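Novice: quick check, what structure comes out for this input:
(one chain, ligands or ions: 1)
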Amino acid sequence: MPEVISQQEEEKRLIQRAYRQLLRTIKNPDEQDSQNIRNAYELAVQAHSQQRRKTGEPYILHPIEVARICAEELGLGPTAIVCALLHDVVEDTDVTLAQLEETFGERIARIVDGLTKLDSSYNSESPQAENFKKVLSTLVDDVRVILIKMADRLHNMRTIGSMPRHKQLKIAAETSYIYAPLAHRLGLYAVKTEFQDLCMKITDPEPYFEIARKLQETKKDRERYINEFIKPLIKHLDSINLPYEVFGRPKSIFSVWNKIKTKQVPFEEIFDLFAVRIIVDVEKVREKSICWQIYSVVTDVFKPIPERLKDWITTPKSNGYESLHTTVIGPGGRFVEVQIRTVRMNEIAERGFAAHWKYKGLSDGPDVYEVWLDGVRELLDYPNSDALEFLSDFKTNLFNEEVYVYTPKGDMKMLPKGATALDFAFSIHTDIGYHCTAVKINNRLVPLGYKLKNGDQIQVQTGSKQKPNEGWLKFVVTGKARSKIRSAMKEERRKQGTLGKEALERKLKNMKVEFDLGVEALVKHFNYNSHVDLYFDLATDKVHVSELLKPFQVLGGRLVLIPPKLVEIPEVPEPVVEKSSKRRDKTNKPKLLVGGESADNYSYSFASCCNPVQGDHIFAFLTMNSGLKIHRANCPNAMHLMANYGYRIMKAEWGAQTNSTFVADLKITGIDSGPGMIQRLSHEISTNLGLNIRAFNIGGDAGYFEGQISLLVQNTDQLSQVIQTLKNLDNVSTVSRVE
Ligand code: MN
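Specialist: Numbers count the residues shown, from 1 in each chain. Model (predicted):
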């Protein structure tokens, strides 16, 4: 037993040491703050006392370290430290939010709530996306949530080595998909760089270690060169009479690798493995003039390359970055990038969002983060966007760079890059978007889909009769515009459908069929997606009530299908053969023979269990109440159907080829090479093969992805071609038709 005790003692000391280290990072906390931190620490120690990390360490070391990162690396204050200490207690232990609220107050409880993952029983297509949406919804309320989340992720990434390989890959994928771009967007440069390097170490270990080794080997040479470069600058810089620092900054492993890949050059040929940075300490009002003075000093000594001058002081980047960059020709004719900035700018460049609050109020012009947060708020406001849609909107709208445009009055508006004239109209006001008839840019009429350029001055013309249509969706990229158009379309369909609903209501009443049951039978039989679609088709004369009711008879207040053989066929009725509410026009009807007769004489549909395609071996099955179903001969249900209901099987065969299309489902597996996979697959299918994708689901784990694509093909030959093409893609292992 003494050994066990000493191990416990050992761990206790370890925990206390970590805690004392945390306390040292906090600059002059007041009485109340110190008490809160102490309480949070004690509660967390107690709550996590039975848990260990994958490394074998006591779990509490994790929240302590997350708190230290918040304080020391992100520069956050006591509230964030308390929240970081408590960030896992609600998720992992018996402590409740109510308890936290009681002890620490509402604010802290709300932040911890934001950091707590959704209950795993939460039913969703993508729990990851749901959780992310949740984090962001708290972010707009208190930005510290996302910063603590970053610290949490950072510590988990730093200690990821003790995880099994498949978990490492999953965590790395999530980090590079969401956290690294978010860190970039928030200007947390140091965090972003570390995320990228840590992810690369997991996903591409060979180039990672190779570049790391080469950087190490060339370090001495590089340092010598940097010294040689700096020496002639010193005298001039001293004469400015302000405290400054000048030093060389190596590029990260990830960015070197990126360069090797994009420029297609070997490591040895990359010369800008570093930049020279000059940081000057000067008060806000003189920042700009001093930076330009330093620029002039540097370019007096070395010849600049004028086209490489970047002035992010006059116009900061959209993530808040400010700096003056120039590339000069250094000793030996090598190009050297020089970054000139002030202490304040440097802090914002390194810590972005986190440092921003410290200097809030100092900057003039639009607050870049407020604008950005407004964008997040707007996205979150859309009532009907689901989490996956949200995440994709978020990525397109809020990770991208912006364009700056102007209203006729000269007010500046910031929109995501790629936004169109119509997006602009919606960004001004939903009503202006709805009624937008024309757009003038710099006094010239442009199409609604015109892509905005920096500096455009935009005038929107509206007309009270104008309203959105389906085609508008092609002209917009912002989440706001898309969602507003979608909901207007939906509302429009619903409105238009009222007439159809009333007609159906009257008819069913006459037939003494209960309305709800009747509608349900029709929606089901004709495979409508919703009641609204059925009403809409009726209202717009796409289908007539009498035609809809033809295959039915009334039994006990319900619509019951008349067995197909008994359907009276005075004229050839139009069969309904597609799953969606869209009906085929005559030229697109497939030619199909059932029992030797044209299948058009029957009410039939294709079985959704196996989705036959022209060219497949097929058979027809007479169902109890949905007419004939056409199955593939190798349908998994076929054996069962044939064995038990042999008498209902009818022979079916394809007639001549028409240009009708069929749904085919493909299962694809492969190596997860990151977020580009979906684009590559869909590009191959839609652009190169010219086929329509109806649905696309992709998921994966452990560096492995599995996707299901539903597409429209004309026949089995075309389908085989698709399968072959996809199989030939890099990282794709298997492609098969879903059986
Ligand atoms: Mn955690």
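Novice: CA atoms for contacts and neighbours, from now on please.
Specialist: OK.
Novice: in this protein, where's the longest helix?
Specialist: Across the chain, the longest stretch assigned as helix under DSSP state H is helix 479-510.
Novice: buried ones in the helix or strand just after that one?
Specialist: With elements assigned by DSSP states H and E, the helix or strand that comes after helix 479-510 is helix 515-525. Within helix 515-525, the residues that count as buried by 16 or more other CA atoms under 10 Å are Phe515, Gly518, Val519, Ala521, Leu522, Val523, His525.
Novice: what's the average pLDDT for the longest helix of the chain?
Specialist: Within the predicted structure, the mean pLDDT of helix 479-510 is 86.
Novice: that helix - contacts with which helices or strands?
Specialist: Helix 479-510 sits against helix 368-381, helix 387-398, helix 421-428, helix 430-434, helix 515-525, helix 531-539, helix 545-549, with contacts defined as 3 or more CA pairs under 8 Å, 6 or more residues apart in numbering; DSSP states H and E.
Novice: figure out how far that helix is from the centre of its chain.
Specialist: 30 Å (CA atoms, centre = their mean, to the nearest Å).
Novice: one more: stretch 545-554?
Specialist: Relative to its parent chain, stretch 545-554 has a centroid offset of 46 Å by CA atoms, centre = their mean.
Novice: rewinding a little: tell me which residues in the longest helix of the chain are buried?
Specialist: Within helix 479-510, judged by 16+ other CA under 10 Å, the buried ones are 479-489, 493-494, 496-501, 503-505, 507-508.
Novice: before we move on, what about stretch 255-265?
Specialist: The neighbour-count criterion (16+ other CA under 10 Å) identifies Val256, Trp257, Lys259, Ile260 as the buried residues of stretch 255-265.
Novice: can you check stretch 439-451 too?
Specialist: Using 16+ other CA under 10 Å, the residues of stretch 439-451 that count as buried are Val439, Lys440, Ile441, Leu448, Gly449, Tyr450, Lys451.
Novice: pipe these into TSV and attach secondary structure, distance to Gly77 and pLDDT per row.
Specialist: Listed next are the buried residues of stretch 439-451 as TSV, based on DSSP: H, G, I helix; E, B strand; the rest coil; distance: CA to CA, whole Å; pLDDT from 0 to 100:
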residue	secondary structure	distance to Gly77	pLDDT
Val439	strand	48	91
Lys440	strand	48	91
Ile441	strand	46	90
Leu448	coil	47	89
Gly449	coil	46	90
Tyr450	coil	46	92
Lys451	strand	42	92
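Novice: where along the stretch 151-300 of the chain do the strands fall?
Specialist: 244-250, 274-280 (DSSP state E, counting those that start in this stretch).
Novice: so which of these is the most packed in?
Specialist: Looking across those with neighbours counted as mean count of other CA atoms under 10 Å, the highest average goes to strand 274-280: a mean of 21.
Novice: what pairs with it, and is each one parallel or antiparallel?
Specialist: strand 244-250 (antiparallel), strand 335-342 (parallel) (DSSP bridges).
Novice: just for the stretch 601-739 of the chain, where's the confidence low?
Specialist: For the stretch 601-739 of the chain, residues meeting the criterion pLDDT under 70 lie at 624-625, 636-648, 673-675, 700-702, 739.
Novice: same thing but at 80, please
Specialist: The model of the stretch 601-739 of the chain has pLDDT under 80 over residues 601-602, 622-627, 633-651, 657-659, 671-679, 697-705, 738-739.
Novice: quick one: find the helix or strand in the chain with the lowest mean pLDDT.
Specialist: Ranked by mean pLDDT, DSSP states H and E, the weakest helix or strand in the chain is helix 638-644, scoring a mean of 60.
Novice: and the next element down the chain from it?
Specialist: Following helix 638-644 toward the C-terminus (DSSP H and E): strand 649-654.
Novice: what's that next one in contact with?
Specialist: Strand 649-654 is contacted from outside by 591-596, 614-615, 617-622, 630, 642, using CA atoms under 8 Å, 6 or more residues apart in numbering.
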